[in-house]
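>>> predicted model and sequence follow; I will ask about them next.
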Amino acid sequence: MLFNSFEFLLFFPIVTLIFFLLPHKWRWLHLLIASCIFYMAFIPVYILILIFTIIIDYYAGIFIEEAEGKRRKWWLGASLVANVGILVVFKYYNFFISNINESFGLQQTTPLPLLNIILPIGLSFHTFQAMSYTIEVYRGKEKAERHFGIYSLYVLFYPQLVAGPIERPQNLLFQFHTEQKWDTQRVYEGLKLMLWGLFKKVVIADRLSLYVDQVYGAPQDWPGANIIVASVLFAIQIYCDFSGYSDMAIGSAKVMGFKLMTNFNRPYFARNIQEFWKRWHISLSTWFRDYLYISLGGNRVSNVRRYLNVAIVFLVSGFWHGANWTFIIWGAVHAVLITGYTFYKEYINKSHKSTWLGNMWSLALTFGVVVIAWVFFRASSASEAFYMIGQMFQADFGNFTLNPKADDAQFGNTSALIALFMIGLLFVNERYQDVLQTRLNNKPYLDVAFNTMILFFIIAFGVFQRVSFIYFQF
């Protein structure tokens, strides 16, 4: 079920209303059933995969807590193998087999068979959330959850089930045991966040996709200037699409009294690539830091090994995003960028002095390299990505037109003007977020007026074509 669908417009208020009407002791069951319905709206049979991993991880957590010595590692290993195994089969099996067939020239002789299966939606997200539970129990930072229904809800909780934020058990499990009271102000704040997330998704992201999809669908038909524009717009699109989902997830949970972690913090205002990754997809970045980087030795090793650990994390992060060489290259690009910046900061520019002009240059440079890296993320193949980047560096904006081929019915001048205005509104709201929020909080009528305007923009300019969220494919 998509947050930007009519079904969710009915689903959310009904589920929330029943939640507050029910006694606390039955709310977990209500949310669990609602979450199952939410997930089964995509491909119903795939709920069995979640049930399988839930059963394994539930008992693994208990056995880890009760076991001693090496047996604790065995139970943790069983849990991780089950979770990673499912991820490998559904997400990576065809990638590996296709590359083996191609590398050994088996396509024309006896190719290894591929699986004709569809990737379960949000598989990487709820797999990582489930893994964090058994790891935290193993580390002694979380008690094993004895209530099977509550643990199931931890994995299946519908607001963040298919695209995060990827929660930790100590941040979320206890909240399901705590009775949530109705709080009008909190409900209002949650609804505002959902509204803003929907605005970013249907007014900005889905409108920009009309142009981005055209250019990336046939890059050979477009000059370099248009490829640059499309790539910049894709950077904005993917941010609005993914952070819009996170806003709606966090907002819908907040309405019911649950607090989910912040997933984005104005990443395109980062002044270096390291800061960008502290602001972008925070729940995933911190997951890799806590469970992979630290396990590899973290900062407790030599500088060469530390750089290698960072590179491994970003290569794995790229592969996490998708079974395609484009994602691996995207991860490798960021590995080079962040290790290069770390070396620069530690050995070349140790003073870290900055000026206003220097900050602006750093912000523009960071955004520029992130946009170039996004080309690999969005392109359909590595060769296509390299071709597009080559065209970008040969671009001539002297004769730039929105569509050099013909009049474009999908993304013409009107769509472009609407998109530019809405992007401007997004920029102002995020750049001056703290000041604006303080003033709106102090003057409730302005707050109501602002959110009424956002609602009007959604109704008037939203693209309602049941466009899925980009990160659902991961």
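Now that the structure is in, tell me what you want to look at.

>>> okay, and residue 207 sits in which element?
Residue 207 belongs to helix 206-217 when elements are defined using DSSP states H and E.

>>> what comes up buried for that helix?
Buried positions in helix 206-217, judged by neighbour count with 16 or more other CB atoms under 10 Å: 206, 207, 208, 209, 210, 211, 212, 213, 214, 215, 216. Any C-beta I mention is one placed from the backbone N, CA and C, and that applies to glycine too.

>>> elements contacting it?
helix 224-255, helix 413-431 (3 or more CB pairs under 8 Å, 6 or more residues apart in numbering; DSSP states H and E).

>>> which residues are in contact with stretch 190-198?
3-4, 243-256, 447, 451, 454-455, 458, 462 (CB atoms under 8 Å, 6 or more residues apart in numbering).

>>> of those residues, grab the buried ones for PyMOL.
Those of the contacts of stretch 190-198 that count as buried under 16+ other CB under 10 Å are selected in PyMOL with:
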select buried, resi 3+4+243+244+245+246+247+248+249+250+251+252+253+254+255+256+447+451+454+458+462
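
>>> buried residues, stretch 111-131. List them.
119-131.

>>> now stretch 62-76
62, 63, 64, 65, 72, 75, 76.

>>> residues in contact with the closest residue to residue 32 other than its chain neighbours?
Once flanking residues are discounted, residue 32 sits nearest to residue 153: 4.9 Å by CB to CB, 6 or more residues apart in numbering. Contacts for residue 153 were tallied using CB under 8 Å, 6+ apart; they are 28, 31, 32, 35, 176.

>>> what does residue 159 give?
By CB under 8 Å, 6+ apart, the contact list for residue 159 reads 248, 249, 250, 252, 253, 258, 260.

>>> need the three-state assignment for it.
The three-state assignment at residue 159 reads helix, by DSSP: H, G, I helix; E, B strand; the rest coil.

>>> pLDDT score assigned to it?
Residue 159 is assigned a pLDDT of 95 by the prediction.

>>> next, find the distance separating it from residue 169.
Taking CB to CB, to the nearest Å as the measure, residue 159 falls 16 Å from residue 169.

>>> check residue 273 too.
From residue 273 to residue 169 the distance is 30 Å (CB to CB).

>>> which one's more surrounded, these two?
Comparing residue 273 with residue 169 by neighbour count (other CB atoms under 10 Å), the higher total belongs to residue 169, at 23 against 20.

>>> what about the helices in the stretch 51-200 of the chain?
Ranges of helices in the stretch 51-200 of the chain, per DSSP state H, counting those that start in this stretch, are 70-87, 93-103, 123-138, 148-156, 169-177, 184-198.

>>> who wins for proximity to residue 51 among the ones you listed?
helix 148-156 (8.1 Å; CB to CB).

>>> pLDDT on that closest one, on average?
97.

>>> count of residues packed around the closest residue to residue 183 other than its chain neighbours?
Leaving aside its sequence neighbours, residue 183 sits nearest to residue 257 (CB to CB, 6+ apart; 7.1 Å). Using other CB under 10 Å, residue 257 is surrounded by 19 other residues.

>>> with residue 44 instead?
11.

>>> and residue 21, by the same measure?
Neighbours of residue 21 using other CB under 10 Å come to 9.

>>> filter the contacts of residue 153 down to the ones in strands?
If you go by DSSP state E, the contacts of residue 153 have nothing in strands.

>>> out of those, what pair is the most spread apart?
Across those (CB to CB), the longest gap, 11.5 Å, separates 35 and 176.

>>> wait, residue 181 sits on residue 257?
Yes. The pair residue 181 / residue 257 is scored as a contact, 6.9 Å apart, by CB atoms under 8 Å.

>>> if I pick residue 331, what's in contact with it?
Going by CB under 8 Å, 6+ apart, the list of residues near residue 331 reads 314, 315, 316, 317, 318, 319, 321.

>>> 6 Å instead, please
Residue 331 makes contact with 314, 315, 317, 318, according to CB atoms under 6 Å, 6 or more residues apart in numbering.

>>> measure the residue of the chain positioned farthest from its centre to residue 97 for me?
Centroid-distance maximum for the chain: residue 109 at 40.4 Å, with CA atoms, centre = their mean. Distance, residue 109 to residue 97, by CB to CB: 14 Å.

>>> next one: residue 309
Remark: distance between residue 309 and residue 97 (CB to CB) = 30 Å.

>>> looking at these two, which one has more neighbours?
Higher neighbour count among residue 309 and residue 97: residue 309, with 19 against 16, using other CB under 10 Å.

>>> count of neighbours near the residue nearest to that one when sequence neighbours are not counted?
Leaving aside its sequence neighbours, residue 309 sits nearest to residue 296 (CB to CB, 6+ apart; 4.4 Å). Neighbours of residue 296 under the rule other CB under 10 Å: 15.

>>> quick check: phi and psi at residue 296.
Note on residue 296: its backbone torsions stand at phi -80, psi -10 [degrees, to the nearest 10].

>>> equivalent analysis for residue 401, please.
Dihedral angles for residue 401 - degrees, to the nearest 10 - are phi -130, psi 160.

>>> ok, it to residue 225 distance?
Taking CB to CB, one finds residue 401 at 9 Å from residue 225.

>>> what's the answer for residue 384, then?
18 Å.
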